[in-house]
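Asker: my questions concern the predicted model and sequence given below.
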Amino acid sequence: MACIGIMDSGVGGLSVFREIRKALPNEHFIYFSDNAHCPYGEKTPAYIRERLDKITALFLSRGVDVMVLACNTATAAGVEYLRQKYSIPFIGMEPAVKPAALGTETKVIGVLATAGTLKGSKYLNTKGRFEDQVTIVEQVGKGFVELVEKGQLSGPEAESVVKASLKPLLDAGADRIVLGCTHYPFLLESLRKVAASLGHPEVKFIDPAPAVATHLIEVMEQRGISHGDGSSRIELLASGDDSALQRTFSLI
Ligand code: DGL
């Protein structure tokens, strides 16, 4: 049985944990929500790396074998830094530009992510690989993380916040929208409703979480981390008040 540490700036990483738990039902999981420092979106890479050092130290003291950065912004700021500094494997988020580029019929794809992710070299490199095949339009999901942390996933306020960032992507002709922040899948119902109300019920939202779960298993196998032979154990930790974490965990 493996001990898997999963972190995010808040509850967003639970959208990744949901997929990991489906793929690996019998492990020991420690989920850490860094909500006392949320959102990460506008923070500097140096600030985020400092938080990642603290979270990694906590995970290592609890015997974590592999750590998942279930946060695109933390991945952009620190996954390479962590890989150079510590010996356990680190799994980061990949913006799902490739499946979007392969699936689009309009040849326009939209990316919703935080400012930190959109500025990161990981995203810019991925974007560079597809830019000559498709037009890529981007928007920061302004206010999305705050809605999800508050548990306001649907209703008029959620829809109006979602609409402000989604509409420019739809207006540009995007028929595939990459969810480049792990908080955003919790707003899927509102995103779909707004897209339909703007005359685009066909638009598809792409969440990279299932691919991350598959990649985690591959890496564990390559690194000889045994899995599958225990009974599930889940610990939920937060750097701030843990009520959002408990509430959102009950939804997955
Ligand atoms: N869930 C995050 C991500 O995937 C972080 C959002 C934030 O804290 O701004 O980018």
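Answerer: That came through, no problem.
Asker: for this structure, which residue occupies the most central location?
Answerer: Thr182 (2.5 Å; C-alpha atoms, centre = their mean).
Asker: the closest residue in space to His215 that isn't next to it in sequence: neighbour count?
Answerer: Spatial nearest neighbour of His215, excluding adjacent residues (C-beta to C-beta, 6 or more residues apart in numbering): Ile91 at 6.2 Å. Bear in mind the C-beta positions are built from the backbone N, C-alpha and C, glycine included. Using other C-beta atoms under 10 Å, Ile91 is surrounded by 24 other residues.
Asker: what are the phi and psi angles of Ile30?
Answerer: Per-residue torsions, Ile30: phi -120, psi 120 (degrees, to the nearest 10).
Asker: next one: the residue nearest to the centre of the chain from the ligand, what distance?
Answerer: 4 Å (C-beta to the nearest ligand atom, to the nearest Å).
Asker: returning to that earlier point: do you know how far the residue nearest to His215 is from Val212?
Answerer: Note on Ile91: its distance to Val212, by C-beta to C-beta, to the nearest Å, is 6 Å.
Asker: Ile48 too?
Answerer: Separation of Ile48 from Val212 (C-beta to C-beta) stands at 19 Å.
Asker: got it, and Ile88?
Answerer: Taking C-beta to C-beta, one finds Ile88 at 17 Å from Val212.
Asker: higher neighbour count, these two?
Answerer: Val212 (24 against 16).
Asker: ok, now which ones touch that one?
Answerer: When contacts are counted by C-beta atoms under 8 Å, 6 or more residues apart in numbering, Val212 touches Val16, Glu19, Ile20, Val68, Ala70, Ile91, Met93, Glu94.
Asker: tabulate these (JSON lines), appending distance to Ser160, pLDDT and secondary structure.
Answerer: Formatted as JSON lines, the contacts of Val212 follow (distance: C-beta to C-beta, whole Å; pLDDT from 0 to 100; DSSP: H, G, I helix; E, B strand; the rest coil):
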{"residue": "Val16", "distance to Ser160": "27", "pLDDT": "98", "secondary structure": "helix"}
{"residue": "Glu19", "distance to Ser160": "29", "pLDDT": "97", "secondary structure": "helix"}
{"residue": "Ile20", "distance to Ser160": "32", "pLDDT": "97", "secondary structure": "helix"}
{"residue": "Val68", "distance to Ser160": "33", "pLDDT": "98", "secondary structure": "strand"}
{"residue": "Ala70", "distance to Ser160": "27", "pLDDT": "98", "secondary structure": "coil"}
{"residue": "Ile91", "distance to Ser160": "35", "pLDDT": "98", "secondary structure": "strand"}
{"residue": "Met93", "distance to Ser160": "27", "pLDDT": "95", "secondary structure": "coil"}
{"residue": "Glu94", "distance to Ser160": "30", "pLDDT": "83", "secondary structure": "coil"}
